[in-house]
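# Below are the sequence and a predicted model; questions follow.
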Amino acid sequence: MFESLSSKLDAVFKKLKGHGKLTEQNIQEALKEVRIALLEADVNFKVVKDFVQSVQTRAIGQEVMASLTPAQQLIKIVKEELTSLMGGEGLGIQLSGTPPVPIMLVGLHGCGKTTTTGKLARYFQEKKKRPYLVPADVYRPAAIDQLQRLGQELNVDFYRPEPSQKPLDICAKARDVAFKQGYDLMLIDTAGRLHIDEALMLELREIKTHIKPREVLLVADAMTGQDAVNIAKSFSDRLGIDGIILTKMDGDARGGAALSIKSVTQRPIKFIGVGEKLDALEMFHPERMASRILGMGDVLTLIEKAEATFDEKKAKELEKKIRKDSFTLEDFRDQLQQIRKMGSLESILGMIPGLSKKMAGMGGLQVDEKELVRVEAIINSMTPRERVNFLVINGSRRLRIANGSGTTVQDVNQLLKRYAEARKMMKRFTQMEKKGGRGRMPFFS
């Protein structure tokens, strides 16, 4: 989402690094370009004005001028101010109170509210909580069925309303059921409209007044830019919200909503949707997002994703196989599947410090996700014997594997070549480790 803004800010700071010493003039020139970059990223005009003024006040003071590395110090200030602009620190959802704690999701039609309800259910499942899904949207065709399907997919229980029940009645009866059955929280998926109207607000205020949700979360589509900010302000003023979930943050929008919404509404972004799958929901960390925008990566989120995805027992088994030089194509496929669970390759690579800048210099971060699918299909088309011992794969076997996987013999050859090279590299690591006397291999320590 922030690729364009990141590249423009990077160009500004490269110019500054070319100066041996920073002056008030070249700082102001740089901040003028920063201002233009933010406006082009669809950041709210007043937010941009206040942001640039704040950076300029700090930059022209002793903090930068007296520094041995003034350009780097200025980048540090911009990062801190971006972090502050987006909320300062990551805030999760508050679950204090007597279970089942009600969490109410609101938003306009088409913002991804129902899917986000399912994503939150999965998120709390991972936190060892028992969520209960409540469909309070009785107007949109198939909304109740959609939430029910999500619940079945996640193995999360779901309140089944009667056709004649009204939204408030659904929420009240669902709360009774959730209390009796010992659920930790109830996620209420409310109705939306194509636009904000008084009928919608009356219904939402009625639910809020009687159910008293611990948090009211607005789901907003980041792709709508400043419209998302205006919608958030309207909901905040007319209903009162506790936080925001921005969906479609993996899209190609310019990012203005994420940078403006906290300042305009005085309500924090709590989560971001980064894909269509139910695991594509991340807690929002302003500092980490500021690092991504400035091309510094996001190692902490990458580590968290890896820890949540990779099985420690399997990792130890894999380490033993590598030590014994028995890493098979089946193991290779399993590792690819684990990586794919972490999210898109583009988002993963973007979290590695400096890599996004290098890729941008080479014409952009172009990652072919279909390549992993092809590799997995090729390995799946092999027999168990071929996966264990790739050396038995002769010409006729390669043709059969290619036909079975819908690929070409050349694709099969390339995979086997890469796999053989990977085995050689792992063997060299093992030999180096034995010579150095270390207890563990670098990538498992």
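Everything's here; your move. Numbers count the residues shown, from 1 in each chain.
# and residue 80, what is it in contact with?
For residue 80, the contact set (CB atoms under 8 Å, 6 or more residues apart in numbering) comprises residue 290. No exception for glycine: its C-beta is placed from N, CA and C like everyone else's.
# mind giving me the domain split of this structure?
3-85, 101-296, 302-444 (automatic domain parsing).
# Can you give the distance from the shortest one to the centre of its chain?
Distance of domain 3-85 from its chain centroid, counting by CA atoms, centre = their mean, to the nearest Å, is 26 Å.
# The longest one now?
Here the centre of domain 101-296 is set off from its chain's centre by 16 Å, with CA atoms, centre = their mean.
# Now name the helix or strand holding residue 133.
strand 131-136 (DSSP states H and E).
# so after that strand, what's the next helix or strand?
Sequence order places helix 143-154 as the next helix or strand after strand 131-136, per DSSP H and E.
# Direction-wise, compare that following helix with strand 131-136 and give the angle.
170 degrees (axes from the mean of the first three to the mean of the last three CA atoms, to 10 degrees).
# circling back: so which of the domains of the chain is the most packed in?
The highest average neighbour count among the domains of the chain, using mean count of other CB atoms under 10 Å, belongs to domain 101-296 at a mean of 20.
# For residue 370, pull up the helix or strand it's in.
Going by DSSP H and E, residue 370 is in helix 369-380.
# circling back: using PDB, write out every CA atom in the strand holding residue 133.
Taking Å, rounded to 0.1, in the frame of the first residue of the first chain, the C-alpha atoms of strand 131-136 are listed here in PDB:
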ATOM      1  CA  PRO A 131     -15.800 -16.300  20.900                       C
ATOM      2  CA  TYR A 132     -19.500 -16.500  20.000                       C
ATOM      3  CA  LEU A 133     -20.700 -15.100  16.700                       C
ATOM      4  CA  VAL A 134     -23.900 -12.900  16.600                       C
ATOM      5  CA  PRO A 135     -25.500 -11.900  13.300                       C
ATOM      6  CA  ALA A 136     -27.400  -8.700  13.800                       C
END
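# in the stretch 51-200 of the chain, which spans are strands?
101-106, 131-136, 185-190 (DSSP state E, counting those that start in this stretch).
# With residue 403 as the reference, name the closest of the ones you listed.
Closest to residue 403 of the strands of the stretch 51-200 of the chain is strand 131-136 (CB to CB; 44.7 Å).
# can you list the weak-confidence ranges in the stretch 251-400 of the chain?
Along the stretch 251-400 of the chain, the model assigns pLDDT under 70 to residues 251-255, 295-326, 339-369.
# 50 instead?
298, 355, 359-360, 362-365 (pLDDT under 50).
# What segments of it are strands?
So, for the stretch 251-400 of the chain - with DSSP E, counting those that start in this stretch - the strands run 269-273, 281-283.
# got the ones you listed as TSV, with distance to residue 396 columns?
As requested, these are exported to TSV (distance: least, CB to CB, whole Å):
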stretch	distance to residue 396
strand 269-273	47
strand 281-283	47
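# Which one of these lies nearest to residue 93?
Closest approach to residue 93 among the strands of the stretch 251-400 of the chain (CB to CB): strand 269-273, 6.3 Å.
# hmm, who's touching the closest one?
Taking CB under 8 Å, 6+ apart as the rule, strand 269-273 contacts 86-87, 91-93, 112, 115-116, 119-120, 123, 217, 222, 243-250, 258, 261-262, 280-284, 286.
# Apply 7 Å and report the result again.
Contacting residues not belonging to strand 269-273 are listed as 86-87, 91-93, 112, 116, 119, 217, 243-249, 258, 261-262, 280-284 [CB atoms under 7 Å, 6 or more residues apart in numbering].
# so which of the strands of the stretch 251-400 of the chain comes closest to residue 81?
strand 269-273 (16.5 Å).
# Parallel or antiparallel, which strands does that closest one pair with?
strand 243-247 (parallel), strand 281-283 (antiparallel) (DSSP bridges).
# Identify whichever of those lies nearest to residue 420.
Residue 420 sits nearest to strand 281-283 of all the strands paired with strand 269-273, at 36.6 Å, using CB to CB.
# Need the residues that contact that closest one.
With CB under 7 Å, 6+ apart, strand 281-283 has contacts from 90, 92, 119, 120, 123, 271, 272, 273, 274, 301.
# Then stretch 28-47?
4-5, 8-9, 12, 15-16, 48, 51-52, 55-56, 225-226, 229, 254-256, 259-260, 263-264.
# Please list the members of these that lie in helices.
With helices defined by DSSP state H, the entries of the contacts of stretch 28-47 inside them are 4-5, 8-9, 12, 15-16, 48, 51-52, 55-56, 226, 229, 256, 259-260, 263-264.
# who does the closest residue to residue 144 other than its chain neighbours bridge with?
Excluding the flanking residues, the one nearest residue 144 by CB to CB, 6 or more residues apart in numbering is residue 135, at 4.4 Å. For residue 135, the beta-bridge partners under DSSP bridges are residue 189.
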